[in-house]
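> got a predicted structure here, sequence first:
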Amino acid sequence: MKLTLKNIAKNDIRKSGNTYNALFMIQELNQRMKRPLVEINNNKYARMWRNCFDDAGRFSRARFNEYYDEFANWEEAFSLIWLDLKSVNRQADRTAIINCLVRLIKNSSPDRINQQVDFILKDFFFYPLHLHFSDMNALIFSNMLLFKHFAMRNHDFELTPEEVLISREEKNTQLVERLSSLIESQWGERFVEKIKTIKSNLALALDPKSDKPAQLPPENLIKLLREVFIFLTLVGGRSVYKVVRDTVEEFSKPDSVFYTSGNSHSHLMNLLRFFQLSMRCLILLGDEDDIEVLKPVPIREKEFMSFKGIMNANLALHQKLVWNIVTVAQEGMNILGKKGKNFNMGDVDDNEIADALKKTFVLED
């Protein structure tokens, strides 16, 4: 777009004081380059936020708590903290910041929370071919706010507790329904593409012969898959159902590249735990037709047990995990049979189905 001075009086330019201010008298340029409010008006708050980090760059929750009331009244707090979170390297600090951020906005109006959740979810899926450590924080943040009281807990969540899938906690129904509608109508394709990017990067990370480096380490990619599956299952919607089903099919095969690549042995327990989670997600999202996806799992029990010969893990724990996986598949087939065909997502709270699914979590004890 061509920018001109034809509509600006020469006297106004002279009165502007300097070239920088004169530039902002050009309307089109002003719209493009307007200085952020954080930079112009909120230096006091920005300095407080910077003071929440020590000389070594570590986040201090104690300092954050000192400024909590100030941050709560700072309109730009959320966006600045989130953008800074993306540059924090230490996972422990990222976990502490995201939990502080959730509690900072927990009493905001529904409209404000909607804006903030949309902001970070778009940050997660808008560029589906790119991955960042903050992707997992975006999902943990969103998962906590799907429930009315999770943000008020006194302990941090490094990962979303898997038990939220069967939680009786009161959901933030308005937020869940709105996100479900957005995924069905606008966001679903990008979410699916993002999951494909995570899985393709996981395959690269597990293959030491690959000449293309993965964007994140394998342990982070597994956690990221876990978080996005929990989120999509809680929110629901058929637009993401197929990627869940396809993933269960992939991980149900003992000869999958996820289990047989050069670096797989170091991550097999977490890969199998993710497989178990993905089956639980399919049980919640699917219907009778998905019995066919779970049916091969018990048949392949011996093949999954044979992993113990190539992995660096406690063999008893490995054996128990495989038994659990088989039992989840068997219970899942019973549940899906009760749900029948064309299951309505609104029926997911049916007590009989919920109690049956709960049995698959008792196995963790």
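It's in. It should be emphasised that the depicted structure is a prediction, and the values quoted were computed from it without experimental measurement.

> which element follows the helix or strand that residue 279 is a member of toward the C-terminus?
Per DSSP states H and E, residue 279 falls inside helix 268-285. Where DSSP H and E defines the elements, the next helix or strand beyond helix 268-285 is helix 291-294.

> about what we covered before: show me what the helix holding residue 279 packs onto, helices and strands only.
When contacts are defined as 3 or more CB pairs under 8 Å, 6 or more residues apart in numbering; DSSP states H and E, helix 268-285 sits against helix 218-235, helix 241-251, helix 257-260, helix 291-294, helix 315-339, helix 351-362. C-beta here means a position set from N, CA and C on the backbone, and glycine is covered the same way.

> so residue 45 touches residue 77, yeah?
Yes: Residue 45 is within contact range of residue 77, at 6.9 Å (criterion: CB atoms under 8 Å).

> okay, and the common contacts of the two?
residue 71 (CB atoms under 8 Å, 6 or more residues apart in numbering).

> neighbour-wise, which of the two wins?
residue 77 (22 against 19; other CB atoms under 10 Å).

> pLDDT score assigned to that one?
Reading off the confidence values, residue 77 has pLDDT 86.

> isn't it right up against residue 67?
No: Residue 77 is beyond contact range of residue 67, at 9.6 Å (criterion: CB under 8 Å).

> coming back round to it: just the helices and strands packed on helix 268-285: most buried one?
With neighbours taken as mean count of other CB atoms under 10 Å, the helices and strands packed on helix 268-285 reach their highest mean count in helix 218-235, at a mean of 23.

> other SSEs contacting that one?
helix 134-145, helix 173-182, helix 188-205, helix 241-251, helix 268-285.

> ok, back up a step: and for residue 77 and residue 67, which residues touch both?
Contact criterion CB under 8 Å, 6+ apart; residues shared by residue 77 and residue 67: residue 49.

> grab the nearest non-local neighbour of residue 321.
Distances taken as CB to CB, 6 or more residues apart in numbering place residue 272 nearest to residue 321, at 5.4 Å, with adjacent residues excluded.

> now the one you found: how far from residue 192?
Residue 272 sits 24 Å away from residue 192, going by CB to CB, to the nearest Å.

> residue 339 too?
Residue 339 is 23 Å from residue 192, by CB to CB.

> neighbours around residue 101, how many?
With other CB under 10 Å as criterion, residue 101 counts 22.

> and if you look at residue 168?
Neighbours around residue 168, by other CB under 10 Å: 8.

> can you tell me the SS state at it?
coil (DSSP: H, G, I helix; E, B strand; the rest coil).

> now do stretch 97-115: distance from first to last residue.
Separation of the first and last residues of stretch 97-115 by CA to CA, to the nearest Å is 19 Å.

> so, low pLDDT: which residues of the stretch 201-350 of the chain?
Where the stretch 201-350 of the chain drops to pLDDT under 70, the residues are 308-313, 342-350.

> buried set for stretch 170-187?
For stretch 170-187, burial by neighbour count (16 or more other CB atoms under 10 Å) applies to 171-172, 175-176, 178-180, 183, 187.

> correction: the previous question concerned stretch 113-123.
For stretch 113-123, burial by neighbour count (16+ other CB under 10 Å) applies to 113-114, 116-117, 120-121, 123.

> and which of these is nearest residue 278?
residue 121 (20.8 Å; CB to CB).

> now do the host helix or strand of that closest one against helix 134-145, angle only.
In the assignment (DSSP H and E), residue 121 maps to helix 110-125. Helix 110-125 and helix 134-145 are oriented at 150 degrees to each other (axes from the mean of the first three to the mean of the last three CA atoms, to 10 degrees).

> give me the phi and psi angles of residue 170.
Dihedral pair for residue 170: phi -70, psi 120, per degrees, to the nearest 10.

> OK, contacts around it?
By CB under 8 Å, 6+ apart, the neighbours of residue 170 are 147-149.

> rewinding a little: angle of the helix holding residue 279 against helix 315-339?
Inter-element angle recorded for helix 268-285 and helix 315-339: 10 degrees (by the same axes, to 10 degrees).

> wait, what's in contact with the residue nearest in space to the middle of the chain?
By CA atoms, centre = their mean, the chain has its centre lying nearest to residue 139, at 2.3 Å. By CB under 8 Å, 6+ apart, the contact set of residue 139 is 124, 160, 224, 227-228, 230-231.

> now do the residue nearest to residue 230 when sequence neighbours are not counted, the pLDDT please.
Excluding the flanking residues, the one nearest residue 230 by CB to CB, 6+ apart is residue 160, at 5.2 Å. Predicted confidence (pLDDT) for residue 160: 87.
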